[in-house]
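Student: Coordinates for the following, if possible.
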Amino acid sequence: MSETESPRSAPTTTDATSFLGRKSELELARRVLAESRLLTITGPNGVGKSRFAVKLAEQMSRIFEDAPVRLSLRELDGPPSEDEIEALRAHAGIVLVDDVEDRAQGRALAERILARCPAAVVVVTSTTVLGAAGEHLIELGPFVVPPRVQASSRAILDYDSVRLLVERIRMVDPGFTITAQHLPVLRDICAAADGLPAIIELAAAATRFLSIDSVRDGLRADDALVDLLPGAERLVASGAETLARCDEAEQRLLATASLLREPLTLDCLVSLVEDEGIGAMDLVGAFCRLVDRSVLISDPDVEGAFRLLRPVRRSARVALDAAGETSRTMNRIERHLIEVMEALADSPAGPNEVQLARHLLNHRSSLERLFAHYASDPESAGDSIRLIVKLRRRWSTLGLDSQVRAWLEQAITSRRQRDALMAEALRAGAYFSILDSDFRRSAELLAESLQLSEGSAEVSELSPDFLQALIRVGELDVDGAELQLEAVVERTRSSGRADALEEQLFFLTLVNVIRGDHERAEQLFRSSVEWMRARGNRWGMAYALVVMSISLVNRGLEERAGETTREALLMMDSLGDRAGFATCLRLLAALAVRRGNAGRAATLLAAAGRMHGTRTMARDAISGGVEASVRRTLGAREFSRLSARGRQMDRREVVMLALDEGGAARSPKPAELTRRESEIAELLVEGLSSAQIAARLVLSTRTVEGHIQRMLNKLEFRSRSQIAVWMSERMDAVSTRVLAG
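Tutor: Below you'll find the predicted structure:
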């Protein structure tokens, strides 16, 4: 039939711009249309559904007798009339029903065309599934954005999101040349655009009158879609339309998410909204529906986290402001974070402590915003000090040591009362300065705190003698530090303060390692580990293993040091402790240097620096000059290449590298484990000791050790850590198959 027989239809046309990516989706769509008559292409607004459908119709045009016909419901005043549908009766080709927003209307139109036009094939573009009989689905997601760790690598130029941005920039600036400085900016623009092709193209067009740095900075602002990108009105409207189609639970989640700067996780977002009168299961279902409709998209930098599409974020924030709910919602978020911090501070060692810490880590950006506000406000500065002091042993775990030190100094400046709380704040400042190896500043803060608390009978969370002993370490008075710490430990034993005792034993052990008294260090290590194991304190045990590893490295017991370090690393990984994980990587790098593997050491050091770059006493105690030695051995060029590789590895790849002792753990073994062996192997993945596994499975420790030895023989491995990484691979593979199914 003629393309003009239906007055309200228009033929598909080839765009002036090139079509990038989507090769696998196009191949799948062609296979679907070879066997079915109804295909719905879904995805969020701005993802390129219409362009994809047009490209598909062009590729399929040689198969059909008639040229494709396009019906745009957005461009037409309403759905086609009966006469217009009748005009398509003899059409033998693709009918593209474009821009469907109303599910019922789109389903009715598709069914009418299929019924009246027996030789036609219908392709629909829609933000939602139609639910029609015989409907096949292809969902288009945003283009993948390169992870942040690859930002400075030319590897990002292989990503479709970056390719699209560069090509569209060259349409307005044909002379655009990519420099090393441009790479992270290009990546950041794609990330700020959420990988949506429509926003990427608008951002590229904006480079006609703005630098790419200005485009990047502007896109990060809340109102960037309106203020920065001309022609973005449709995307803004699409965000409002998406929000309007959400049910109450979905809207509550989106309203809260619009105030959060960090990547979103299901547990954290649900926990923030749950007290709004909607049940947790309803909110979980709402979260999953938002992911299913690509309103929430996977975050490329944080495993298991999501991002909220920018048009929807802006619309949700506008709706929240209009309803006068912004302040109340923000207060609820802050109240929730304070409750979690209080609970973590009071939580005994054990699984609940780990869960709370991870929950808090998922709210890292909101924590930064909360303390930045609380610490600078004289009325809330005291509350900031109390929370910082109560959680002083957790900030390094959360990777916030340097920020906490700045918040505390701001709170001290804001709160001018010279009282017991101020003295405690100064001692906390001295503690954080010690951890940062700034011993001069720590001594100044400690002296000031003693002046304020002189004559006070109040018991401090931070003993001045304990802090003075640590300062002596920095002043290289190691013998004096040991004597003072011994006295502090004895007083703490008498008082029964278990938490303080564990921390003091850690530093006393470390001081003995620094002194070179490894026999005494090992005695302290064994007694402290037994004490912490009885209390279920896996964090304390992990750090005790780190100190023991340092001792073994310094004594030249490299095999034992490697095994102990890998055991500590698995525990740190299961606990989500960034600082401890990075310290383990540095220890393994020191061991690699001793074994002549400078390349491995360079990669491990770079990965450690990316995860946690702040100095710590444990880090300083590791063989000094490791990085300088590696750099000299490799040369500047090779060192830079391997360091770049380490910075680009994700957490899983880093774990695999750290646990690989020369290739034995690289590929799965064909041997099969028994049910009991599998249970034990899964607990080894969690970093549990034989005694802890025995308690969990109600077995004797000797029985567990026997099973582990049989697994080592069966799998031809040399260490427990190899069993753990092998089992972890199998568990990941099973999860992947389940998700794919």
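Student: Am I right that Thr125 is in a helix?
Tutor: No. Thr125 is assigned strand when assessed by DSSP: H, G, I helix; E, B strand; the rest coil, not a helix.
Student: Would you check that it makes contact with Ala110?
Tutor: No. Counting by Cβ atoms under 8 Å, Thr125 does not reach Ala110; the two are 11.4 Å apart. Heads up, the C-betas are built off the backbone N, CA and C, glycines and all.
Student: which residues do these two both contact?
Tutor: Between them, Thr125 and Ala110 share these contacting residues under Cβ atoms under 8 Å, 6 or more residues apart in numbering: Val97.
Student: the domain parsing of the chain - what is it?
Tutor: Domain ranges of the chain: 10-139, 148-231, 236-324, 335-462, 475-659, 675-740, per automatic domain parsing.
Student: per-residue confidence for the nearest residue to Leu56 once chain neighbours are set aside?
Tutor: Closest residue to Leu56 apart from its sequence neighbours, by Cβ to Cβ, 6 or more residues apart in numbering: Ala29 at 5.1 Å. Looking at Ala29, its pLDDT reads 91.
Student: what's around Ala29, how many residues?
Tutor: Burial of Ala29 is recorded as 22 neighbouring residues (other Cβ atoms under 10 Å).
Student: just to revisit the earlier point, would you format the domains of the chain as CSV with distance to Gln468 included?
Tutor: Converted to CSV, these look like this (distance: least, Cβ to Cβ, whole Å):
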stretch, distance to Gln468
domain 10-139, 59
domain 148-231, 41
domain 236-324, 38
domain 335-462, 7
domain 475-659, 6
domain 675-740, 34
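Student: any idea which of those domains scores lowest on pLDDT?
Tutor: domain 675-740 (a mean of 73).
Student: Check the contact between Leu114 and Ile85; I expect there is one.
Tutor: No. Judged on Cβ under 8 Å, Leu114 makes no contact with Ile85 at a distance of 10.6 Å.
Student: Next, give phi and psi for Asp438.
Tutor: phi -100, psi 80 (degrees, to the nearest 10).
Student: tally of neighbours for it?
Tutor: Using other Cβ under 10 Å: Asp438 sits among 17 other residues.
Student: Does Val630 belong to a helix, a strand or coil?
Tutor: Val630 ends up helix, using three-state DSSP.
Student: Now do the same contact list for it.
Tutor: Applying Cβ under 8 Å, 6+ apart, the residues near Val630 are 589, 593, 598, 601-602, 605, 639.
Student: Same list (those) but as a markdown table, adding secondary structure.
Tutor: Output for these, formatted as a markdown table (three-state DSSP):
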| residue | secondary structure |
| --- | --- |
| Ala589 | helix |
| Val593 | helix |
| Ala598 | helix |
| Ala601 | helix |
| Ala602 | helix |
| Leu605 | helix |
| Phe639 | helix |
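Student: All the strands of this structure, residue numbers only.
Tutor: Per DSSP state E, the chain carries strands over the ranges 10-11, 38-42, 69-72, 94-100, 121-126, 136-139, 296-298, 306-308.
Student: Could you identify which of these is most buried?
Tutor: strand 121-126 (a mean of 26; mean count of other Cβ atoms under 10 Å).
Student: got the angle between it and strand 38-42?
Tutor: Relative orientation of strand 121-126 versus strand 38-42 (axes from the mean of the first three to the mean of the last three Cα atoms, to 10 degrees): 20 degrees.
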